[in-house]
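Undergrad: Got a predicted model here, sequence first, then my questions.
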Amino acid sequence: MSSAVFPSSVVAGIEPLVSFKDVPSSEKQSLFVSKLSLCCVVFDFSDPDRSSVEKDIKRQALLDLIEFVESTNARFSEAAVVACSRMCAVNLFRAFPASCRSGGSSGVGECDEDEPMFDTGWCHLHLVYELLLKFIGSSSLDAKIGKKHFDHSFIVKLLDLLHSEDPRERDCVKNILHRVYGKFMVHRPFIRRAASNVFYQFVFETDRHNGIAELLEVFGSVISGFALPLKEEHKTFLWRVLVPLHKPKSLGAYLQQLTYCVTQFIEKDPELASPVIIGLLRYWPITNCQKEVMFLSEIEEILEATSQAEFQKCMAPLFRRIAHCITSAHFQVAERALFMWNNDHIVSLIAQNRQVIMSLVVPALEQNIQNHWNQAVLNLAVNVKKMFSEMDGDHFSSCLARYKEEEERLVSLEAKRKLTWEKLESAAAFQPVTGQTAVLVGHQPSANMIANLIF
């Protein structure tokens, strides 16, 4: 073993290259610490041929450590916990290139937001992550000892690793955060606060982060484990973190995980449904059609878990917005809004509140049927119209009649407005010329005459 690359073993003269099966049980913990010390050397993988022998030695040592953690039944000593924490910190905690750390969407440097960057040192990194995952999850690790060395500082630096461009690394970090949250109950409030700070910074400051989807996936399982009734702290997380997370333009990257978290809250406390829907309406992306489609998809999932009582609290503003979507010139928005009527639970909610909802939606349907350019949207609008007619023919006819009356009124108003402008233009054009000066003949129109023309 090269002493120029690896530090000399300081653990009771134990040679770190020795196999665990070749030492007595009394020395295995010491060998474990010795191998961990060996693995604290970090190599440069930009040149694959450099230190290739030493890289293979470290790789084999990491494999030995993983196998030992999986097979041992003896409690890990505090020295072993300290050594493992230190080795993982040395190998994992590092700064990422600025362009990558910002989310890869700045257009600067070599980071391409469509192509993830893969760490060249992954052959060692993934083994360190695997060792850490198995070590924290091991029944041989005493949580009382582990919590002292996998502490708040370690957790914050672990969260920072979610900035990684490498999706494999973010997945490993996600799994370890799951394991840390489950193992060390004393750290749970801190993990929730630290993660909330990551979300706050993303939503209100940077608008860039690579690991929001992974962090939300962690919280999906955390939320599912919340006891009832929900604490105010947990509801605050919903209002201040999850709902505002609908604001960033990169919503599509984590919509699935975010929707799962939101619906988990509603399933635990159905009374949260209407405030959540009102919150989504507040962040509705009026000028972004792709995000509108995403919002409509999430609204449908939320409505599936919404009770009749909660639905009635938000149905008017909600279906006012859905009516706007139905008349959208962007066919995907209109189509997605009309797809709501394919959901049996939503149709049931609509049927029980048809007096309100028909009044809001029927005008939008008629506008679509008369004017929309897309045939698929036209067909869907006709189907929904037929559904309303079968649901309550009398009320539907009443809504349709009111719509036609309103259309006739608007047509009449437009005709009157057009006639008024023609009269004004005619009056303004009547200017005979005397010499070189244009003058008005006769008497100038009075204010009352102008008012009569306009109104």
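TA: Yes, it's here.

Undergrad: what's the helix or strand that contains Leu258 in contact with?
TA: For Leu258, the host element (DSSP states H and E) is helix 255-268. For helix 255-268, the surrounding residues in contact (CB atoms under 8 Å, 6 or more residues apart in numbering) are 213, 216-217, 219-220, 223-224, 226, 228, 230, 234-235, 238, 242-243, 245-246, 251, 272-273, 276, 294, 297-298, 301-302, 305-306. To be clear about C-beta, it is placed using only N, CA and C from the backbone, and glycine gets the same treatment.

Undergrad: switch to 6 Å and redo it
TA: Contacts to helix 255-268, defined as CB atoms under 6 Å, 6 or more residues apart in numbering, come from residues 213, 216-217, 219-220, 223-224, 238, 242, 245, 272-273, 294, 298, 301, 305.

Undergrad: Tell me which stretches of the stretch 301-450 of the chain form helices.
TA: 308-326, 331-338, 344-352, 354-371, 375-391, 393-429, 447-454 (DSSP state H, counting those that start in this stretch).

Undergrad: Next, count neighbours for Asn175.
TA: When counting by other CB atoms under 10 Å, one arrives at 18 neighbours for Asn175.

Undergrad: With Ala329 instead?
TA: What Ala329 shows, counting by other CB under 10 Å, is a neighbour count of 12.

Undergrad: before we move on, what about Val411?
TA: Residues near Val411, counting by other CB under 10 Å: 10.

Undergrad: next one: Leu162
TA: 21.

Undergrad: doesn't Gly211 make contact with it?
TA: Yes: Leu162 sits in contact with Gly211 when judged by CB atoms under 6 Å, with a separation of 2.7 Å.

Undergrad: Next, show the common contact partners of the two.
TA: Common neighbours of Leu162 and Gly211, counting by CB under 6 Å, 6+ apart, are Arg170.

Undergrad: Give me the buried positions along the one helix or strand Leu63 maps to.
TA: Using DSSP H and E, Leu63 falls within helix 52-71. Applying a neighbour-count criterion of 16 or more other CB atoms under 10 Å, one finds Glu54, Lys55, Ile57, Lys58, Ala61, Leu62, Asp64, Leu65, Ile66, Phe68, Val69 buried in helix 52-71.

Undergrad: What's the mean pLDDT across that helix?
TA: For helix 52-71, mean pLDDT rounds to 93.

Undergrad: what residue ranges in the stretch 101-250 of the chain score low on pLDDT?
TA: Flagging of the stretch 101-250 of the chain using pLDDT under 70 yields the residue ranges 101-114.

Undergrad: Now do the helices in it.
TA: Using DSSP H, counting those that start in this stretch, helices in the stretch 101-250 of the chain cover 122-137, 143-149, 152-160, 167-183, 188-201, 212-224, 232-237.

Undergrad: ok, back up a step: quick one, which of the contacts of helix 255-268 are buried?
TA: 213, 216-217, 219-220, 223, 238, 242, 245, 272-273, 294, 298, 305.

Undergrad: JSON lines for those residues, including distance to Arg179?
TA: Converted to JSON lines, those look like this (distance: CB to CB, whole Å):
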{"residue": "Ala213", "distance to Arg179": "19"}
{"residue": "Leu216", "distance to Arg179": "17"}
{"residue": "Glu217", "distance to Arg179": "13"}
{"residue": "Phe219", "distance to Arg179": "15"}
{"residue": "Gly220", "distance to Arg179": "15"}
{"residue": "Ile223", "distance to Arg179": "17"}
{"residue": "Leu238", "distance to Arg179": "25"}
{"residue": "Leu242", "distance to Arg179": "23"}
{"residue": "Leu245", "distance to Arg179": "24"}
{"residue": "Leu272", "distance to Arg179": "29"}
{"residue": "Ala273", "distance to Arg179": "32"}
{"residue": "Met294", "distance to Arg179": "31"}
{"residue": "Glu298", "distance to Arg179": "29"}
{"residue": "Ala305", "distance to Arg179": "29"}
